[in-house]
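Enquirer: All I have is the shape, not the residue letters:
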């Protein structure tokens with residue numbers, strides 16, 4: 001019997017499963033795709049819609065971007081620094097599920113200038129905290145160029161990351177999306193933190 005994971009991979013016509021530690025270091029964390037059950041819960045939250053443009057930081061093989069574009073109709077842009085993973089994402093982007101609403105960029109997230117139409121950003125612990133601070137700086141720069149509502153999603157946050165985000169003056173915490181019931185055990189990190197970004201202080 002096919003698992004939920006296999007069912008989604010077949011339906012979307014993509015190959016994104018499996019952990020990859022080959023390019024992980026102190027700066028960049030291993031490639032590990034977000035579970036489909038978590039993405040289903042995010043898609044069903046109503047926080048991402050057809051009108052939105054999502055940036056997926058550390059997009060790997062493209063699962064988040066393709067799934068959310070398929071389920072919500074949003075435009076999605078994945079940012080990945082590992083060329084090997086980016087090439088696999090480009091193959092997955094040819095799937096009909098991507099609906100020409102998905103693109104992938106080979107870039108260093110900390111240096112990437114996000115497009116001014118982007119209004120949602122997704123993170124699954126792609127890099128170290130000091131890199132995240134630089135990425136947030138780029139997001140704030142974009143908001144200064146074009147003020148707009150912008151929402152951040154952080155899945156499975158580390159304690160230091162969550163503390164930093166909750167103390168940040170530019171971020172307004174919203175109700176987290178609880179995912180603990182989707183897995184065995186009672187892992188406090190099984191959640192998606194949600195923040196609105198203040199355009200100006």
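Expert: Right, received. Where do you want to start? Only a predicted model underlies this, so the values are computations on that prediction, with no experimental measurement involved.

Enquirer: Strands of the protein, residue ranges please.
Expert: 53-57, 75-80, 102-106, 120-123, 151-155, 171-173, 177-178, 191-197 (DSSP state E).

Enquirer: now the protein, which segments are flagged as low pLDDT?
Expert: 1-2, 19-29, 200-201 (pLDDT under 70).

Enquirer: how about TSV for the strands of the chain, with mean neighbour count added?
Expert: Any C-beta I mention is one placed from the backbone N, CA and C, and that applies to glycine too. As requested, those are arranged in TSV below (neighbours: other C-beta atoms under 10 Å):
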stretch	mean neighbour count
strand 53-57	25
strand 75-80	26
strand 102-106	20
strand 120-123	24
strand 151-155	21
strand 171-173	14
strand 177-178	14
strand 191-197	19
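
Enquirer: Identify whichever of the ones you listed lies nearest to residue 9.
Expert: Of all these, it is strand 102-106 that lies closest to residue 9, at 15.7 Å by C-beta to C-beta.

Enquirer: got a list of what residue 44 touches?
Expert: The neighbourhood of residue 44, defined by C-beta atoms under 8 Å, 6 or more residues apart in numbering, contains no residues.

Enquirer: rewinding a little: redo the strands of the chain as JSON lines? Include distance to residue 68.
Expert: Shown next, in JSON lines, are the strands of the chain (distance: least, C-beta to C-beta, whole Å):
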{"stretch": "strand 53-57", "distance to residue 68": "6"}
{"stretch": "strand 75-80", "distance to residue 68": "6"}
{"stretch": "strand 102-106", "distance to residue 68": "9"}
{"stretch": "strand 120-123", "distance to residue 68": "8"}
{"stretch": "strand 151-155", "distance to residue 68": "10"}
{"stretch": "strand 171-173", "distance to residue 68": "21"}
{"stretch": "strand 177-178", "distance to residue 68": "13"}
{"stretch": "strand 191-197", "distance to residue 68": "12"}
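
Enquirer: quick one, which of these is nearest to residue 45?
Expert: strand 177-178 (5.8 Å).

Enquirer: quick check: longest helix of this protein.
Expert: Ranked by residue count and defined by DSSP state H, the top helix of the chain is helix 129-145.

Enquirer: And that one, how far out from the chain middle?
Expert: Centre-to-centre, helix 129-145 and its host chain are 15 Å apart (C-alpha atoms, centre = their mean, to the nearest Å).

Enquirer: list the contacts for the residue most central in space within the chain?
Expert: Centroid-nearest residue in the chain, with C-alpha atoms, centre = their mean: residue 122, separated by 2.7 Å. Residues near residue 122 by C-beta under 8 Å, 6+ apart: 54-57, 64, 68, 153, 155.
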